[in-house]
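Undergrad: Here is my input, please return the structure:
(chains A and B)
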Amino acid sequence: MIGKLRVVNSLTKEKEVFEPLNSPHVGMYVCGPTVYSDVHLGNVRTFTSFDVVYRYLKFLGYKVRYVRNITDVGHLLDNSEEDKISKKAKLENLEPMEVVQKYTNDFHRVMELFNNLDPDIEPTATGHLIEQLQMIDELVEKGYAYESNGSVYFDIEKYNKEYSYGKLSGRKTEDLLSQTRELDGQSDKRNPLDFALWKNASPEHIMRWKTKWGVGFPGWHLECSVMSTKYLGEQFDIHGGGMDLKFPHHECEIAQNAGTHGNDGAKYWLHTNMLTVNGTKMSKSLGNSFLPKELIAGDHEMLDRGYSPMTIRFFMLQSHYASTLDFSNEALNAAQKGYTKLANGLRYVQEVAYPEGTQEAPDEKQISQIKKICENCHHAMNDDFNTALTIGHLFNLLKKFNSLQTGQLQFGQLGKEVFDQMKTTFLGFTQDVLGLRLELDLKGEKLVDVVLTEYKAAKEAKDYEKVDALRAELKQLGIVVKDMKNQIDWAFEE
RNA sequence: GGUUCCAUGGCCGAGUGGCUAGGCAGAGGUCUGCAAAACCUUUUACGGCGGUUCGAAUCCGCCUGGAACCUCCA
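TA: Sure thing, here's the model as predicted:
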């Protein structure tokens, strides 16, 4: 391993050396989607960012347990008593669990499309109701929660005597209190800041379970504390999620964790930033969100054309996860060309082998440059998963490969050891760490090779008319012929 | 209103006290039957005003502009 991984911890607001509690094991929990509608590109960005975190930790050799939940109950619509999932179920005249299944399936397809690895455990809130009720009991026993009219609330005032509610998002309870709006249905709470662990269900509420407090349903924040504790332990390494979950969701999680077992739960809290459209956050409520399928098909009024999933993944990884990323046709077009360039390189590097027996005077300058670039890839990822910088280094490495392919640089000048290092580095970072893959199937590649055989024959016969015709036809299909001194190959048109 | 963050070249986007990020676009060159691809070279820079420092795009202050959270959101 080259250097040490450092991560920006939202809890301390500092870049810290990553030291697992139980190396080589790493526990990572990421807040997953609420499955009441299609995931949009902003959601995809977050899960892609954590996919790279997961991939890199594994790349470093850690035994990672990645837990990403599915919220299938308890997530309420703003300022109302209505559950997002049950509302959708009523609208579409479905069982709530049909809604859950439908959008869970969709979510999984989208994750696969963008080449995000599956988590090791994907628990659901409804699957952990017993554990949730147990945690509520524990919080009540310890005095951090109280029952009121069939609901159970977390007691912020009590909690604040020993802990500090708001430490993650930098909020003070006095400030929060002074801005609290008067809402209906808050009369059950002792304090407006108290949040629900369990809610009494009104008669029309269709997702309901019978408990000792009456018929009700769980609060949204509880599930994450429960499931992270169950699968990763009371203390684990990484907790991730979007910025917008910092408050109140993660704040409440910390309170629940501390209330039950005296610590924050995760050691490192990582937050991804928002995807924006014309500088404004992409969100469903603002109506500026893009669905993956719209982007891929180009079926959106803001888009000139469609973009492939890997183009979009590349586009996202060209920025740092903690920065906002703005969405535009121009930026996507540039990403499309950039990705194609990298993909063309990837295709070549996968195939290229060191020609045995090649011996030449080593080019020390090239060798030291290549070694430096390889190290830089590690340094970049070690620096809080800087994928943008890593991609920059990969392009520098790609230039060396392209020089090898065109014969401008000789394999023998590098030697097998250096060649193996650059190949391993390029493939490892491009495929394993960044999760970029080719988008053409093998069958298509073979067909191109058949045409290229013809092309080559025509060229040798100096039948330039046929040469030009074949070249033009391939170009129409998005394939360009690479006519090099020593060989002929093809590439995706950029 | 409170809290926090951001402002980089034609565009996107890293960097954060002295060392060429990178991609896209532009210019020139090498290669080529001609091209393309590839490679090499190259132009445009750190919102404004002060301060700290031998030295600041990078640290500090103020100003301007934008965003996020505070209410469901990845």
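Undergrad: From here on, just use CA atoms for contacts and neighbour counts.
TA: Noted.
Undergrad: Below-threshold pLDDT in the stretch 151-300 of chain A: ranges please.
TA: Of all residues in the stretch 151-300 of chain A, those with pLDDT under 70 make up the ranges A:180-187.
Undergrad: Can you pull the domain assignment for chain A?
TA: If you go by automatic domain parsing, the domain ranges for chain A are A:8-272, A:280-433, A:442-492.
Undergrad: do you know which of those domains lies nearest RNA strand B?
TA: RNA strand B lies closest, by CA to the nearest atom of the strand, to one member of the domains of chain A: domain A:8-272, at 2.4 Å.
Undergrad: Enumerate the positions of stretch A:117-135 that are buried.
TA: Neighbour counts over stretch A:117-135 (16 or more other CA atoms under 10 Å) mark A:117, A:119, A:123-126, A:129, A:131-133, A:135 as buried.
Undergrad: Say whether RNA strand B is contacted by it.
TA: No: using CA under 7 Å from any atom of the strand, stretch A:117-135 stays clear of RNA strand B, coming no nearer than 13.3 Å.
Undergrad: what's the span of that stretch, first residue to last?
TA: This stretch, stretch A:117-135, spans 30 Å end to end (CA to CA, to the nearest Å).
Undergrad: Which residues outside it are in contact with it?
TA: The contact list for stretch A:117-135, computed with CA atoms under 8 Å, 6 or more residues apart in numbering, reads A:51, A:65-73, A:111, A:218, A:222-223, A:226-227, A:260.
Undergrad: Just these: which are in helices?
TA: If you go by DSSP state H, the contacts of stretch A:117-135 have A:51, A:111, A:222-223, A:226-227, A:260 in helices.
Undergrad: Can you add distance to residue A:461 and give the residues you listed back as JSON lines?
TA: Below are the ones in helices among the contacts of stretch A:117-135 laid out as JSON lines (distance: CA to CA, whole Å):
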{"residue": "A:51", "distance to residue A:461": "51"}
{"residue": "A:111", "distance to residue A:461": "49"}
{"residue": "A:222", "distance to residue A:461": "74"}
{"residue": "A:223", "distance to residue A:461": "71"}
{"residue": "A:226", "distance to residue A:461": "73"}
{"residue": "A:227", "distance to residue A:461": "69"}
{"residue": "A:260", "distance to residue A:461": "81"}
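Undergrad: Can I have the buried ones of those residues as a PyMOL selection?
TA: To isolate the buried members of the ones in helices among the contacts of stretch A:117-135 in PyMOL, using 16+ other CA under 10 Å:
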select buried, chain A and resi 51+111+222+223+226+227+260
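Undergrad: in the stretch 351-494 of chain A, which spans are helices?
TA: For the stretch 351-494 of chain A, the helices defined by DSSP state H, counting those that start in this stretch cover A:364-382, A:387-406, A:411-414, A:416-427, A:442-460, A:464-476.
Undergrad: Just the mean pLDDT for stretch A:91-110, thanks.
TA: In this model, stretch A:91-110 has an average pLDDT of 94.
Undergrad: what's in contact with it?
TA: The contact list for stretch A:91-110, computed with CA under 8 Å, 6+ apart, reads A:35-39, A:70, A:72, A:85-86, A:88-89, A:207, A:292.
Undergrad: and the two most separated of those residues?
TA: A:207 and A:292 (29.4 Å; CA to CA).
Undergrad: So for those two, which residue has more residues nearby?
TA: residue A:292 (23 against 20; other CA atoms under 10 Å).
Undergrad: residues touching that one, list them.
TA: Per CA under 8 Å, 6+ apart, neighbours of residue A:292: A:39-41, A:110.
Undergrad: tell me which of these is nearest to residue A:140?
TA: Nearest to residue A:140, judged by CA to CA, of the contacts of residue A:292 is residue A:39 at 35.7 Å.
Undergrad: what about that closest one, which helix or strand?
TA: Using DSSP states H and E, residue A:39 maps to neither a helix nor a strand.
Undergrad: tally of neighbours for it?
TA: 23.
Undergrad: Please apply the same query to residue A:293.
TA: With neighbours defined by other CA under 10 Å, the count for residue A:293 comes to 17.
Undergrad: can you confirm it is in a helix?
TA: Yes: secondary structure assignment places residue A:293 in a helix (DSSP: H, G, I helix; E, B strand; the rest coil).
Undergrad: which SS class is the residue nearest to it when sequence neighbours are not counted?
TA: Nearest residue to residue A:293 in three dimensions, chain neighbours excluded: residue A:299, at 7.9 Å (CA to CA, 6 or more residues apart in numbering). Recorded secondary structure, residue A:299: coil (three-state DSSP).
Undergrad: Tell me who's in contact with residue A:299.
TA: Residues near residue A:299 by CA under 8 Å, 6+ apart: A:293, A:305-306.
Undergrad: returning to that earlier point: for the helices of the stretch 351-494 of chain A, give me a markdown table that also has mean pLDDT.
TA: Putting the helices of the stretch 351-494 of chain A into a markdown table (pLDDT from 0 to 100) gives the following:
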| stretch | mean pLDDT |
| --- | --- |
| helix A:364-382 | 95 |
| helix A:387-406 | 96 |
| helix A:411-414 | 94 |
| helix A:416-427 | 96 |
| helix A:442-460 | 88 |
| helix A:464-476 | 93 |
